[in-house]
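K.L.:
fold the following and give me the result.
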Amino acid sequence: MANAIQGRRGIAVAPHSLAAQSALAVLREGGNAVEAMVAAAATIAVVYPHMNGIGGDSFWLVSMPSGGAHDVVAIDGSGAAALGVSRAQYAGQSAIPFRGGSAAITMAGTISGWDQALAFSRDRLGGRLPLSRLMADAIDYATHGAPVTASQARTVRGKRAELEGVHGFAETYMPGGEAPTAGALFRQPRLAATLEHLARAGLDDFYRGDLARTMAEDLARAGSPITLADFAAHRGLLREPLELAHRHGRVFNMPPPTQGVVALIILGLMERLGIERYDHLSADYVHAAVESVKQAFAVRDREITDPAHMRIAAAELLTPAALDAMAARIDMARAAPWGAGKGPADTVWMGVIDGEGRAVSMIQSVYHEFGSGVVLARSGVNWQNRGASFSLKPEHINTLMPGKKPFHTLIPGLALLADGRTMVYGNMGGDGQPQSQSAVFTRTVVQGLNPQDAVSAPRWLLGRTWGQSTDSLKLESRFPAETVAALRARGHEVDVLGDFDETFGHAGCLLRKPDGSLEGGFDPRSDGIVAAF
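P.N.:
Residues are numbered from 1 along each chain as shown. All right, here's what the predicted structure looks like:
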């Protein structure tokens with residue numbers, strides 16, 4: 001058992017300690033949860049570059065107390081495929097490459113997500129802090145350096161062979177021609193100048209200003225099909241979140257093109273399987289979760305894409321009838337056949353709750369570690385490779401089309417619980433995101449663990465991880481031996497990994513209680529903390 005970090009006036013969690021501290025500093029200065037999250041997002045884009053950056057995408061859920069109720073809004077900061085891209089450009093290839101200019105084919109939406117969030121903050125929350133203040137920490141770390149984490153150093157070493165020849169990568173992330181060592185100061189002067197420019201000119205300059213023009217030119221030099229017209233066409237969007245009616249309250253997630261519906265389906269199915277009866281380290285609990293994942297992933301792979309191209313409304317997949325039908329297909333005594341998932345992805349999830357009860361769940365990513373690997377010459381921006389998740393098969397629901405948004409694994413979680421608590425939670429890691437969300441939610445809400453114990457507890461992951469060719473069920477070694485044996489007896493192909501293995505992602509969870517007190521848990525698998533006051 002571990003004590004959750006507690007506070008009353010504000011709380012933040014991030015997988016890097018400096019990002020959580022940036023959020024807390026803004027809260028201490030009277031900023032609201034959205035402003036604090038922008039500060040955290042800017043900082044982590046600098047100090048955790050293998051996991052995220054301003055050349056990627058972001059998604060937000062924001063909850064606001066309003067009288068006796070709450071309003072929850074979603075912000076979609078994701079980009080679409082270039083208007084000039086086509087499947088014909090990849091003739092003879094079975095898939096879109098993961099690295100290089102031909103992988104940098106979707107607009108970066110992260111900055112538009114920040115911009116939309118700050119507009120919402122000003123209009124609805126009375127936000128008043130200037131952008132220059134919110135980006136000050138990030139600019140300082142980019143200018144003067146931040147210590148390299150073991151995670152960043154390990155990632156550069158592990159991916160050197162496939163990344164060092166990519167346009168702009170080595171000179172940015174391998175100073176002196178070598179992978180950085182953990183603890184060394186890592187400076188990004190070009191990115192610092194870019195952030196300073198945005199702080200002066202405004203975030204929209206990323207899409208419709210001088211910065212947009214230089215980035216479009218540098219993308220063309222790197223072999224990307226993205227043009228200035230793609231920058232000008234992009235906008236961050238306010239969206240209606242998806243909602244699951246759960247016995248313990250209202251649970252929210254992002255609508256398509258994300259897999260938010262998957263996370264909610266899993267929770268709906270686990271509720272129907274009566275997981276409150278099972279110990280959270282037992283084979284019954286893990287089996288119920290994994291079989292729910294299989295049902296949800298089957299729906300995801302068949303239905304979820306850019307909402308403009310979907311055949312069914314995502315909310316229809318969350319009706320009691322739809323969930324009952326899926327639950328009826330689950331055999332608690334035997335594992336169902338399993339094909340393959342979408343694979344892993346590197347991402348950051350962060351949460352903030354302020355003293356007024358306004359809560360933010362936010363996730364941002366460049367998809368694979370360091371995205372496409374392309375770093376733009378003048379801006380120092382590392383561009384994402386989210387477009388690599390498109391299919392080249394014309395009949396596939398996620399087939400590549402100009403101006404279409406790709407399927408996204410990115411999902412922030414938020415719940416308004418029946419006992420009056422507000423909860424934000426999330427995780428990084430591709431297929432692992434909805435699985436770890438289900439673990440954190442059910443262990444906290446259904447089985448009563450505090451947020452720190454829920455996040456630290458042993459996790460599972462169904463699907464492929466980096467460097468592995470099998471879609472087996474991975475378990476952390478802290479699960480009891482009898483749980484592993486029982487799962488194998490039910491037909492699961494089980495691999496046992498390390499005690500606190502980064503394969504299982506970086507999760508986090510924050511709670512606000514009805515009396516206004518706050519508590520949270522961070523992931524010991526990460527470089528993060530919970531910061532509160």
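
K.L.:
does A457 touch T442 like I think?
P.N.:
No. The criterion here is CB atoms under 8 Å, and A457 misses it with T442 at 10.6 Å. Bear in mind the C-beta positions are built from the backbone N, C-alpha and C, glycine included.

K.L.:
okay, and the common contacts of those two?
P.N.:
Shared contacts of A457 and T442, defined by CB atoms under 8 Å, 6 or more residues apart in numbering, comprise H280.

K.L.:
more neighbours, those two?
P.N.:
The neighbour count for A457 versus T442, taken as other CB atoms under 10 Å, is higher for T442 (24 against 20).

K.L.:
and A232, how many neighbours?
P.N.:
A232: 12 neighbours (other CB under 10 Å).

K.L.:
skipping adjacent residues, who's closest to it in space?
P.N.:
The spatial neighbour of A232 that comes closest, neighbours along the chain excluded (CB to CB, 6 or more residues apart in numbering), is R208 at 5.8 Å.

K.L.:
which pLDDT value belongs to that neighbour?
P.N.:
Per-residue pLDDT puts R208 at 98.

K.L.:
quick check, G236 in contact with S112.
P.N.:
Yes. Taking contacts as CB under 8 Å, G236 lies within contact range of S112: 3.4 Å.

K.L.:
common neighbours of these two, please.
P.N.:
G77.

K.L.:
okay, the strand or helix carrying G158 in CSV with CA atoms only?
P.N.:
G158 is part of helix 150-163 when elements are defined by DSSP states H and E. Extracted C-alpha coordinates of helix 150-163, given in CSV (Å, rounded to 0.1, in the frame of the first residue of the first chain):
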residue,chain,number,x,y,z
ALA,A,150,17.0,7.4,-18.8
SER,A,151,14.0,6.8,-21.0
GLN,A,152,15.1,9.3,-23.7
ALA,A,153,18.7,8.0,-23.6
ARG,A,154,17.5,4.4,-23.9
THR,A,155,15.2,5.2,-26.8
VAL,A,156,17.8,7.0,-28.8
ARG,A,157,20.3,4.1,-28.3
GLY,A,158,17.7,1.5,-29.2
LYS,A,159,16.3,3.3,-32.3
ARG,A,160,19.6,4.8,-33.6
ALA,A,161,19.9,2.5,-36.6
GLU,A,162,16.6,3.4,-38.0
LEU,A,163,16.6,7.1,-37.1
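
K.L.:
just how off-centre is that helix within its chain?
P.N.:
Chain-centre distance of helix 150-163: 20 Å, with CA atoms, centre = their mean, to the nearest Å.

K.L.:
how about stretch 214-229?
P.N.:
Distance of stretch 214-229 from the chain centroid (CA atoms, centre = their mean) equals 26 Å.

K.L.:
residues contacting that stretch, please?
P.N.:
Counting by CB under 8 Å, 6+ apart, 82-85, 89, 100-102, 104-107, 167-168, 206, 212-213, 230-231, 374, 376-379, 381, 383 sit against stretch 214-229.

K.L.:
just stretch 197-204 next, same as before
P.N.:
111-112, 114-115, 118, 131-132, 135, 139, 205-206, 209-211.

K.L.:
wait, W338 touches G491, no?
P.N.:
No. With contact defined as CB under 8 Å, W338 does not reach G491; the gap is 9.6 Å.

K.L.:
neighbour-wise, which of those two wins?
P.N.:
Ranked by neighbour count (other CB under 10 Å), W338 and G491 place W338 first, with 20 against 14.
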